[in-house]
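**Student:** pasting the structure only:
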């Protein structure tokens, strides 16, 4: 069973007991977090797709630790002009462990039927 969930503006494919790095979350280490914006759930070949999200579905995760990512070097240079700039950046990340995927109420509603008016007939 896996789900596609939106966490901090990014979409991740997650499974139970998986550990992933996401942008820094406003939670302490050891806290449990629920993510309600579940876009898709696949349960052994049975796929539920949200419109845009699945109502009632949630992904439960635990914050393992907060850390900084690897340094990214930004180097700019213009030939024959004597221009060089070197800059670095380390992104703040949170490591989370997916504890469960709940698909209760995972059945998406069918699209509403358009009623015919007298003018369309």
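**Tutor:** Great, that's in hand. What you are looking at is a predicted structure, and each value in this text was computed from that prediction instead of being measured.
**Student:** Do a quick rundown of the helices in the protein.
**Tutor:** In the chain, no segments count as helices under DSSP state H.
**Student:** Low-confidence bits of it, can you list those?
**Tutor:** Scanning the chain for pLDDT under 70 picks out the ranges 105-121.
**Student:** redo that, cut-off 90
**Tutor:** Along the chain, segments meeting pLDDT under 90 span 43-45, 50-51, 103-121.
**Student:** Quick check: residue 83 vs residue 19, distance?
**Tutor:** Residue 83 is 42 Å from residue 19, where distance means CB to CB, to the nearest Å. Using the backbone N, CA and C atoms, a C-beta is placed for each residue, glycine as well.
**Student:** Show me which of these two is the more surrounded one.
**Tutor:** residue 19 (12 against 9; other CB atoms under 10 Å).
**Student:** how many other residues sit next to the nearest residue to the more buried one once chain neighbours are set aside?
**Tutor:** Spatial nearest neighbour of residue 19, excluding adjacent residues (CB to CB, 6 or more residues apart in numbering): residue 97 at 4.9 Å. Around residue 97 there are 14 other residues, counting by other CB under 10 Å.
**Student:** so residue 97 bridges to which residues?
**Tutor:** Residue 97 has these beta-bridge partners by DSSP bridges: residue 19, residue 62.
**Student:** Hmm, it is touching residue 16, no?
**Tutor:** No - counting by CB atoms under 8 Å, residue 97 does not reach residue 16; the two are 9.5 Å apart.
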